[in-house]
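Enquirer: Fold the following and give me the result.
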Amino acid sequence: MSNGRNGKPSCFTFSLSEVQSKMLLKICEVRGFERYDVNYARYAFRGNGFNLVMYNSGKLVLQGKEAPDFVTFTIEPQITREFSFGNESVFHREWFLAHAGLDESGKGDFFGPVVTACVIAGGNEVRMLRKVGVKDSKSIGSDRVILDLEKKIREAENVVVEVMALSMEKYNELHRRFGNNLNQLLGWMHACSLKNALKRRYVAQGLLDQFSKSPIVQGFIRRDFPDFELAMRTKAESDPVVAAASIVARAEYVRRMEKLSEAAKVILPKGASRGVIEIGKKIFAAEGAEGLAKYGKIHFKTFREICGIGEGEMEGSGDGEGDETVA
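Expert: Next comes the predicted model:
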């Protein structure tokens with residue numbers, strides 16, 4: 001992307017799929033743009049105040065003083081469906097309303113506890129989050145990047161961050177106290193981080209990355225914040241504030257895993273793979289089931305497999321989700 005004389009970008013490049021390229025071709029033909037030839041290009045058109053070249057490589061190049069408008073109103077909303085040219089305030093106004101974002105980390109990992117996080121931000125704070133690269137933590141493969149982004153989120157002016165995390169002993173104890181129902185425990189933890197955040201900066205609404213079809217978190221916060229509206233949906237991390245919460249939660253999980261690994265004197269792997277079982281068996285051989293419970297979730301089937309415990313032989317066997325879980 002390069003700038004013209006007025007300071008606005010005058011040249012844009014995109015990578016389009018075959019399907020997207022055909023969609024754009026049809027739009028250009030329907031609008032009656034003038035077609036012309038360019039070497040190594042699938043097609044090229046002269047639009048109203050800009051030129052457009054779609055190369056065989058899949059690279060799209062647009063140039064001209066009217067190119068920004070074509071990007072704003074055609075390329076991003078109709079072709080790429082990704083808004084990187086400052087169009088978020090037009091197509092995603094809800095992102096910039098001050099609101100709370102909630103997400104968790106560690107739910108699917110055998111080793112380490114579940115961590116919930118709440119972030120409150122709006123307006124220019126959200127623009128800052130996007131500028132520094134905040135996005136869904138699951139799309140970030142590096143723990144170092146996660147920790148670096150979390151630092152920027154926590155240092156951002158007027159952005160509120162609250163985390164709820166438990167030791168493994170407390171996590172396993174509370175899982176039993178919540179009737180071996182992980183969703184109920186998770187909902188209570190989300191409510192704790194949300195309440196603490198709202199006490200620091202009250203906003204009227206929030207968005208939760210949905211983990212259950214039941215409004216569990218809403219039930220926990222209703223008494224203290226009866227007018228607060230908490231929406232929930234899957235893939236909510238597309239919202240920058242929820243994405244920030246996902247990064248904060250993952251960063252805390254990473255730190256706690258490092259401490260647990262130091263205590264276990266072995267690097268505890270994330271997830272629930274065969275490698276997790278192999279490490280778990282080494283810990284079990286050295287410390288027994290009670291020792292393994294200091295590092296892992298006892299309600300996981302992985303725990304019973306490592307310990308050689310049959311289905312139903314221990315209290316709360318099974319993952320204990322309780323109500324319907326949203327994948």
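Enquirer: does Arg130 belong to a helix or a strand, and which?
Expert: According to DSSP states H and E, Arg130 maps onto helix 124-131.
Enquirer: CA-only coordinates of that helix in PDB, if you can.
Expert: Only the C-alpha atoms of helix 124-131 are listed here, as PDB (Å, rounded to 0.1, in the frame of the first residue of the first chain):
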ATOM      1  CA  ASN A 124      -9.600   4.500  20.200                       C
ATOM      2  CA  GLU A 125      -8.600   1.700  22.600                       C
ATOM      3  CA  VAL A 126      -9.900  -0.900  20.100                       C
ATOM      4  CA  ARG A 127      -8.100   0.900  17.300                       C
ATOM      5  CA  MET A 128      -4.900   0.600  19.300                       C
ATOM      6  CA  LEU A 129      -5.500  -3.100  20.000                       C
ATOM      7  CA  ARG A 130      -5.900  -3.700  16.300                       C
ATOM      8  CA  LYS A 131      -2.900  -1.600  15.500                       C
END
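Enquirer: centre of the chain versus that helix, how much separation?
Expert: Centroid separation between helix 124-131 and its chain, computed with C-alpha atoms, centre = their mean, to the nearest Å, is 16 Å.
Enquirer: for the chain, what are the low-confidence residue spans?
Expert: By pLDDT under 70, the low-scoring segments of the chain are 1-10, 83-92, 310-327.
Enquirer: And the spatially most central residue of the chain, how far from Leu230?
Expert: When C-alpha atoms, centre = their mean is applied to the chain, the residue found nearest the centroid is Asp136 (2.9 Å). Using C-beta to C-beta, to the nearest Å, we find Asp136 at a distance of 19 Å from Leu230. Bear in mind the C-beta positions are built from the backbone N, C-alpha and C, glycine included.
Enquirer: Quick one: end-to-end distance for stretch 129-144.
Expert: This stretch, stretch 129-144, spans 17 Å end to end (C-alpha to C-alpha, to the nearest Å).
Enquirer: Residues contacting that stretch, please?
Expert: Contacts to stretch 129-144, defined as C-beta atoms under 8 Å, 6 or more residues apart in numbering, come from residues 88, 103, 105, 121, 146, 149, 152-153, 156, 159, 237-238, 240-241, 243-244, 246-247, 249-250, 254.
Enquirer: Buried ones in it, by neighbour count?
Expert: For stretch 129-144, the neighbour count (16 or more other C-beta atoms under 10 Å) marks Leu129, Arg130, Val134, Lys135, Asp136, Ser137, Ile140, Asp143 as buried.
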